[in-house]
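> Need coordinates for the following:
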Amino acid sequence: MANLHSVMGKLIIECKNELDVDSRAQILQQINTMLPRSQKIKIPSFITNDYINMALYRIEKNPKLME
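Numbers count the residues shown, from 1 in each chain. Predicted coordinates:
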């Protein structure tokens, strides 16, 4: 499980550093597939940088996900 959190943490950092919104959306999708079913986020069809930032913040601040 620790390895999963490590990979997720690396993807979050990668997503934060990416400039292209389409690439960021793809990384967010990858992160979302790693989340437990009950914690998955609903990603809208039209996605903005602000939405991605908010989603990453919520994932990082959720102690169940980032232990």
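> The helix or strand of the chain with the lowest mean pLDDT - contacts with which helices or strands?
With mean pLDDT, DSSP states H and E as the measure, the helix or strand of the chain carrying the lowest mean pLDDT is helix 2-17 (a mean of 87). Helices and strands touching helix 2-17, by 3 or more CB pairs under 8 Å, 6 or more residues apart in numbering; DSSP states H and E, are helix 21-34, helix 49-61. Using the backbone N, CA and C atoms, a C-beta is placed for each residue, glycine as well.
> Contacts only, for E14.
Remark: with contacts taken as CB atoms under 8 Å, 6 or more residues apart in numbering, E14 is in contact with I27.
> quick one on the thing from earlier: now render the helices and strands packed on helix 2-17 as JSON lines, adding distance to V7.
JSON lines is the format used below for the helices and strands packed on helix 2-17 (distance: least, CB to CB, whole Å):
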{"stretch": "helix 21-34", "distance to V7": "7"}
{"stretch": "helix 49-61", "distance to V7": "13"}
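> In JSON lines: these, plus mean pLDDT.
What follows is the helices and strands packed on helix 2-17, written out as JSON lines (pLDDT from 0 to 100):
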{"stretch": "helix 21-34", "mean pLDDT": "96"}
{"stretch": "helix 49-61", "mean pLDDT": "94"}
